[in-house]
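# predicted model, plus sequence, below.
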Amino acid sequence: MHAFPFKVQKISLNAGFTCPNRDGSKGTGGCTYCNNRTFNPDYCRAEKSITAQMDEGIRFFSRKYPEMKYLAYFQAYTNTYGEMDELRRKYEEALACRDVVGVVIGTRPDCMPDELLDYLAGLARETYVMIEYGLESTLDRTLQRINRGHTHAESEDAIRRTHARGLPVGAHLILGLPGESRDEMLRHADVLSALPITSLKLHQLQIIRHTAMGREYEAHPERFHLFTVDEYIDLVVAFRRRLRSDIVIERYVSQAPKEWLLAPDWGLKNYQFEAKLRKRMNG
């Protein structure tokens, strides 16, 4: 991971992009688990300009940490899915904001053309640029089941092309997707360890209201195995042991807002979960 000589904070942005799995080019329903509103902060609304969202986020953090610098985090939906001119304009608008020292761009592995990678590699000569790919699983049958709209081969291809241009690569993975055994989940660690990724964000499967998966869960709860806290901690500890040691796990757990969450409700804040996990890892 890149080390900055100062404190940095990501500011999440909604740049108004959609996704090929929603606009009809690959599908219209989106991924079955996805309700994008569950992971966007309140200031992060597409009707606000990127500059306005950045300013609001920076104001929030700078009161407490006046020396803080910021990364513009293009988080919502697919942030490389658009015309080149529009993409460039949005990234450069974020980079022009005060105290911004780089961009982190969240996207899908099937939405990274070489032309855009070449541009981002050029941008990275002047500022920090990181790409985060939502992989969610390394098993094609799972990707198909959750209506992801891409294959694991496409994930590997995007990761290798991005790394070849000298850009750091992050990956996202959901543990507990329906139909995957514990052994298969642990094998994700072996597959990812063989790829040139820098960091990984894990999270447990959460069933979110008003999603296709939420409806499936309500109709057929027996198709799902939702982890207890202790089960998930055991899985994560075993996963960590199998993962290449230089891959930084940026996140182990995710917490959807209570009003959106059908299950599982652990009743824990992220920091409380991480304290339990540390205790188990050090025990």
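The structure has been received and is ready for your questions. Predicted model, so just to flag it, every value in this text is computed and none were measured. Numbers count the residues shown, from 1 in each chain.
# residue 276 versus the residue of the chain positioned farthest from its centre, what's the distance?
Distance from the C-alpha centroid of the chain peaks at residue 283, with 29.3 Å (Cα atoms, centre = their mean). Remark: distance between residue 283 and residue 276 (Cβ to Cβ, to the nearest Å) = 10 Å. Quick note: C-beta positions are derived from backbone N, CA and C, even for glycine.
# return the set of buried residues in the worst-scoring helix or strand of the chain on mean pLDDT.
Ranked by mean pLDDT, DSSP states H and E, the weakest helix or strand in the chain is helix 270-282, scoring a mean of 88. Neighbour-count burial for helix 270-282, with 16 or more other Cβ atoms under 10 Å as criterion, is recorded at 273, 277.
# which strands and helices sit next to that helix?
When contacts are defined as 3 or more Cβ pairs under 8 Å, 6 or more residues apart in numbering; DSSP states H and E, helix 270-282 packs onto helix 229-242.
# average pLDDT across the helix it packs on?
In this model, helix 229-242 has a mean pLDDT of 96.
# show residues contacting that helix.
Outside of helix 229-242, the residues within contact range by Cβ atoms under 8 Å, 6 or more residues apart in numbering are 175-176, 182, 185-186, 188-190, 193, 202, 204, 227, 249, 252-253, 266, 268, 273, 276-277, 280-281.
# which SS state does the residue most central in space within the chain fall under?
Compute the mean C-alpha point of the chain, and by Cα atoms, centre = their mean the closest residue is residue 172, 4.8 Å away. Classification of residue 172 using DSSP: H, G, I helix; E, B strand; the rest coil returns strand.
# hmm, residue 131 and it touching each other?
No. Counting by Cβ atoms under 8 Å, residue 172 does not reach residue 131; the two are 11.5 Å apart.
# where does the stretch 51-200 of the chain dip in pLDDT?
Within the stretch 51-200 of the chain, no range satisfies pLDDT under 70.
# strands along that one, start to end?
For the stretch 51-200 of the chain, the strands defined by DSSP state E, counting those that start in this stretch occupy 69-74, 100-107, 128-136, 169-175, 199-204.
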